[in-house]
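[1] Have a look; sequence and predicted model below, questions after that.
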Amino acid sequence: MKNKMKKIITFCGATLLLAYLSLTSCGDSKKKNDNTDESQKTEQKTELSKNDVIGEWYAAGNGIKTKYIFSGDGTYLYVADILGDISSDEGTWEISVGSATLRLNTNGYSSTANFVQDFSSFSSNNMTYTK
């Protein structure tokens, strides 16, 4: 009976050890994946590209809803809904360092869309726009 108990205890101990090693190796692989993610985060884009700008960008606040629609041909449409009064303008855009220069077709007025570092939003005319 004593030998049988030793075998059971040894078997249970070995099973627990294997389970522990299995769990800790899973944790290590997760940790390695986290390190990989960190290295990918440091490889962020450093220059604004045409593809970063193209698309629909929205901003809202104080009863004002605005939208820029940037097209690949260098044109844009600006739509503003100010307390239900809708207006729009058209113009052209071109990339500068970290920003886009916007020029209205009607009067040539220029403004700048200043993008944040990861190009996920930009500020223009005291509004912040996101896709």
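    Okay, I see it.
[2] Would you confirm that Gly63 contacts Asp85?
    No: counting by CB atoms under 8 Å, Gly63 stays clear of Asp85, with 10.1 Å between them. C-beta here means a position set from N, CA and C on the backbone, and glycine is covered the same way.
[3] average model confidence for the longest strand seen in the chain?
    As assigned by DSSP state E, the longest strand anywhere in the chain is strand 85-96. For strand 85-96, mean pLDDT is 95.
[4] how big is the angle separating the next helix or strand after that strand from strand 85-96?
    Next in sequence after strand 85-96, counting helices and strands by DSSP states H and E, comes strand 99-104. Here strand 99-104 runs at an angle of 130 degrees relative to strand 85-96 (axes from the mean of the first three to the mean of the last three CA atoms, to 10 degrees).
[5] Need the contact partners of strand 99-104.
    Residues outside strand 99-104 that contact it (CB atoms under 8 Å, 6 or more residues apart in numbering) are 48, 53, 70, 76, 89-95, 109-115, 122, 124.
[6] rerun at 7 Å
    53, 76, 89, 91-94, 110-115 (CB atoms under 7 Å, 6 or more residues apart in numbering).
[7] cool, stretch 76-86 as well?
    By CB under 7 Å, 6+ apart, stretch 76-86 touches 63-70, 87-91, 93, 102.
[8] The longest strand of the chain: partners in the sheet, and parallel or antiparallel?
    Using DSSP bridges, the strands paired with strand 85-96 are strand 75-82 (antiparallel), strand 99-104 (antiparallel).
[9] ok, and for it, which residues are buried?
    Asp89, Gly91, Thr92, Trp93, Ile95 (16 or more other CB atoms under 10 Å).
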